[in-house]
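[1] Provided below for reference: sequence and predicted model.
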Amino acid sequence: MELSTEAAAPARARETPAADATPVPPAPAAAPNTGALDRLQHAARANPAAFWAERAAAIDWLRPWDAALDASRAPFNRWFPGGQLNTCFNALDRHVLAGHGARTALIHDSAYDGRATRVSYAELLARTARFAGVLRDLGVGRGDRVVIYMPMVVEAVVAMLACARLGAVHSVVFGGFAAPELATRIDDCTPKAVVTASCGIEPGRVVEYKPLLDAALARARHAVPAVVVLQRPQCAAAMTPGRDHDWQALDARATPADCVPVEATDPLYILYTSGTTGQPKGIVRDNGGHAVALLWSVKAVYDIDPGDVFWAASDIGWQVGHSYITYGPLLAGATALLYEGKPVGTPDAGAFWRVLREHRVKVLLTAPTAIRAIRREDPDGALLRGLDLPDFRALFLAGERSDADTLRWAETHLRVPVVDHWWQTETGWPIAADPLGIERLPVKHGSPTRAVPGWDIHALDADGREVAPGETGLLAVRLPLPPGAATTIWNADERFERAYFRDLPGWYKTGDAGCIDADGYIFVMSRVDDVINVAGHRLSTGAIEEVLAAHPDVAECAVIGMADALKGQVPVGFVVLKKGVARAHAAVAAEVVAAVRDRIGPVAAFRQALVVERLPKTRSGKILRATMAGIADGKEVAVPATIEDAGVLEEIRVATRALVAG
Ligand code: COA
Ligand code: AMP
C-alpha cells in the first residue's frame, strides 16, 4: 500500500496558513502537552476494567454491577454484567430530579420554516414518558424492537428515548433509504411497531415518508402490528385502519410510563450499517457500557459541560446522530441541537454560521463534505466575516478523511481548533481524536491525532505483526474493546466474529488501512473492503452491484468509489451487457441508475454507470476493483501481474476520463 505525500508528511506543529494573517486559534480549556492523555491512555491499557469502573460512577445505577468487565467469551465482551439501569432515566429524569428541569435539553432548528423550538429537560421528560405510554399501550415492552423512520424532528428523539424508557430496542433508519432497504431492516429486527412521520423536507421538495414505509411493509415478510404516524403540516399521510395510529391522538390520551430497569448488557439499540454485501449489519449497542462511555466522551473528547450547546450536524439515522444528537449531550446534561436543513442551499452557505450564532453553540461536529460544500459557495469565507461567535470553541470533523485544504480553510475562517477525529458505527464513539477535554495536542494535517483512551490502536500486517512507525498496515484495536463499542451484530453472532475478529485473533479489525507515526499520530488512509464514503454516508459497493446485476441486460458489473471534490467519493458503476443485447448504452445506464435510486435510495448518490466491453480481472476471475478505482482517480497504478488482459485497463481509463471531463 502506498501513502500519499500529504499523510506521510513529517510531524508539524499547528501552522498558521501563509495566505492569511488570521490569528492562531484560541486554546481550549485544557492546557497543551500536559501528559494527561498519556497518563489516561496508560491507565486504560494497563487495567481496562478498573479504568472504566471509575468512570461508571458517573452513571445512576439501579443495581450495582458484579464486575466491570466479563471477557470470558471474547470477543463478546460484557461490560458491567449484573448491573441494572435505565438509559432514559440517566438522560432525562436524573437531571430533572437534580433541579435542572428548566434547562434546555434540545433545540430544534428548521432551516425550512425558519423556526427554532427549545425543549426543556422537564418538557422532554414529560413528552418522552407520554410517548413511552403510547408504545406500551401498543404492546411494546422490554426487549421488543421498534423501527423509527423519521426526519429531523423533536419527535424522533422522543421516540428513541421512549424506547429506552421501556427497555425496548430502537432501530432508526435514515430517511434517504428507499423502501427495499427499509424492508430488509424490518425483516431483520422484526419490530412490534414502526414510528414514522408523514414526510421529511429536502431542499425544494417534500419527501413523503409514509408511502415509502407502506411499500416497505408490503414487501417485508414480517408483519408489523402497529404504525404510529406523526402528521406534519407539509403533507397528510394516508392511514391504514387498524394498523396505523395518529401520534397526536394517541399522545393526547396516553398515561406516562415509568422507566423500566434493564440489565447493563441488554440491547439499547440496533443501527444498521453497510457491510460488504447487500445485507446490512445490525450493530448492537448495550445500555450500561454505552451510557458510561458516551457520558465520559462528551467531556473528554469534546470538552462539553452541562448546559453547553453541542451540535452534531448529522442525521439521527447515522451513528453521529445517535451518539451526539441524542444520547451523549443528554446523558451529560448539555443542550443538544437538532438541525433540519443543509449546510448550503437552505438558504445559503451561511446557514451553519447562523445556527452557531443564534443558539450559542460551543462545539460543532460535522463531516468534511459539509465544510467543502460551504467553501465551494463561499471560498473567501465572506459570510463569516465580522460574525461574532463568542461561545464557539471547536469544530470536529468525522465520517471521512479530512483533506488538508478543507481543514486549513476552516481553521482560517472559523478561528477555533479544527479537530479531525476518527470513528465508525461499530465503535460508537471516537477512536482517535485530539481530546480537547483532556489535552490540546499539536495538529498534523491528515491525521485524526492519537488514540482516545480506551482504544489501543496498532497498524498490523496481514499476519497480525506490528508494522514499523510510518508504514501502512491494517488498523486494528487490541481487545478488549472499551464500553460503548458494538457488542454483536443483531441475529448474527457468527458474522460479527467473522467480520471483525477472525483474521487477527486478539484484535478488532477496523476495516481501515493506515499508519501510525513515531509520535503515535494515526493516519487513516482508505478502507480495505468494499465500503465507500459518499458525503460522509457509508455505502456498500457490493449492495449497489447487487442492484446492477439484477438488471435483465447486465451480464456482470463492478462498482467503485471515485474521488469527488465535494462528496469525497461517489459510486461509479461499470456494466458488461449480456451477449446479443443491442440496446443503446445510455438507456441501460439510465435504467440501472434509476434502479439504484429505487432499491437503495437517493442517499447512494449513484448517477454514473458506464457500459464497457469487459471488466479487468485476474486470471482466477477476481475483478480488480482497487486497480479500477486507482485508474478512475487518475493515479499511476501498477498493472497487477495476475491480470488476465491488461488492455482492458485502457478502456476503463478512457471511460472514466470522459466522466471527469463531464
Ligand atoms: N430523506 C430523504 N432524502 C434524503 C435525505 C433524507 N433524510 N437525506 C438526503 N436525501 C437525499 C437528498 O435529497 C439527495 O437527493 P437528490 O439525489 O434527489 O438530490 C440525495 O439523498 C443525496 O443527499 P446528500 O448526500 O445530502 O447530497 P446533497 O447533494 O443533497 O448534499 C451535502 C451534499 C454535502 C450538502 C450533504 O451531503 C451534507 O450535508 N452532508 C453532511 C454529511 C453528514 O451529515 N454525514 C453524517 C456523518 S457526520
Ligand atoms: P461510519 O460507520 O459511517 O461512521 O463510517 C466509518 C468509516 O468512515 C471509517 O471506517 C473510515 O473509513 C471513515 N472515517 C470516519 N472518520 C474518519 C476520519 N476522521 N478520517 C478518515 N476516515 C474516517
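    Great, that's in hand. Ligands and ions are numbered 1, 2, ... in the order given.
[2] show me where the stretch 351-500 of the chain has strands.
    For the stretch 351-500 of the chain, the strands defined by DSSP state E, counting those that start in this stretch occupy 361-366, 394-397, 418-420, 432-433, 450-451, 457-460, 473-478, 488-489.
[3] could the ones you listed be laid out in TSV, adding distance to ligand 2?
    In this view, the C-beta of every residue, glycine as well, is placed from N, C-alpha and C. TSV is the format used below for the strands of the stretch 351-500 of the chain (distance: least, C-beta to the nearest ligand atom, whole Å):
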stretch	distance to ligand 2
strand 361-366	11
strand 394-397	7
strand 418-420	5
strand 432-433	7
strand 450-451	13
strand 457-460	12
strand 473-478	9
strand 488-489	13
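[4] Out of the ones you listed, the one nearest residue 509 is which?
    Checking these against residue 509 by C-beta to C-beta gives strand 473-478 as the closest, at 5.4 Å.
[5] which residues are contacting that closest one?
    431, 455-462, 464, 466-467, 504, 506-510, 512-515, 522, 524, 528 (C-beta atoms under 8 Å, 6 or more residues apart in numbering).
[6] Now a PyMOL select for only the buried ones of those.
    In PyMOL syntax, the buried subset of the contacts of strand 473-478 is picked out as below (16 or more other C-beta atoms under 10 Å):
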select buried, resi 431+455+456+457+458+459+460+464+504+507+508+509+510+512+513+514+515+522+524+528
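[7] Show me the contacts of strand 473-478 that map onto helices.
    Secondary structure from DSSP state H places none of those in helices.
[8] Look at residue 478 and say how many residues are nearby.
    16 (other C-beta atoms under 10 Å).
[9] Tell me how far it lies from residue 374.
    38 Å (C-beta to C-beta, to the nearest Å).
[10] and the strands of the stretch 351-500 of the chain as CSV, adding mean pLDDT and distance to residue 142?
    Formatted as CSV, the strands of the stretch 351-500 of the chain follow (pLDDT from 0 to 100; distance: least, C-beta to C-beta, whole Å):
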stretch, mean pLDDT, distance to residue 142
strand 361-366, 98, 32
strand 394-397, 98, 35
strand 418-420, 97, 38
strand 432-433, 98, 34
strand 450-451, 97, 36
strand 457-460, 98, 36
strand 473-478, 98, 31
strand 488-489, 98, 18
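[11] Switch those strands over to JSON lines; also include distance to residue 618.
    Shown next, in JSON lines, are the strands of the stretch 351-500 of the chain (distance: least, C-beta to C-beta, whole Å):
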{"stretch": "strand 361-366", "distance to residue 618": "40"}
{"stretch": "strand 394-397", "distance to residue 618": "37"}
{"stretch": "strand 418-420", "distance to residue 618": "36"}
{"stretch": "strand 432-433", "distance to residue 618": "34"}
{"stretch": "strand 450-451", "distance to residue 618": "36"}
{"stretch": "strand 457-460", "distance to residue 618": "25"}
{"stretch": "strand 473-478", "distance to residue 618": "21"}
{"stretch": "strand 488-489", "distance to residue 618": "30"}
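[12] now for those strands, which one comes closest to residue 218?
    strand 488-489 (26.5 Å).
[13] Out of the strands of the stretch 351-500 of the chain, which gets nearest to ligand 1?
    Nearest to ligand 1 among the strands of the stretch 351-500 of the chain is strand 361-366 (5.7 Å), distances taken as C-beta to the nearest ligand atom.
[14] Same question for the closest one: list its buried residues.
    361, 362, 363, 364, 365, 366.
[15] Among the residues you listed, which one lies nearest to residue 611?
    Nearest to residue 611 among the buried residues of strand 361-366: residue 366, at 37.0 Å, using C-beta to C-beta.
[16] pretty sure the closest one is touching residue 397, no?
    Yes - contact criterion C-beta atoms under 8 Å: residue 366 and residue 397 qualify, at 6.6 Å.
[17] In the chain, where is pLDDT below threshold?
    1-34, 276, 661-662 (pLDDT under 70).
[18] Residue 364 contacts residue 393, correct?
    No - the pair residue 364 / residue 393 is not scored as a contact, 9.4 Å apart, by C-beta under 8 Å.
[19] Now for the buried residues of strand 361-366: which two are most distant?
    Spatial extent of the buried residues of strand 361-366 (C-beta to C-beta) is set by the pair 362 and 366 at 14.3 Å.
[20] if I pick residue 466, what's in contact with it?
    Contacts of residue 466 (C-beta under 8 Å, 6+ apart): 458, 459, 460, 473.
[21] Please name the bridge partners of it.
    Assessed by DSSP bridges, residue 466 has beta-bridge partners residue 460.
[22] before we move on, back to that, among the contacts of strand 473-478, name the ones that also lie close to ligand 1.
    When C-beta under 6 Å from any ligand atom is applied, no member of the contacts of strand 473-478 is adjacent to ligand 1.
[23] residue ranges of the strands in the stretch 51-200 of the chain, please?
    69-70, 78-79, 84-85, 104-110, 115-120, 145-149, 169-172, 193-197, 199-202.
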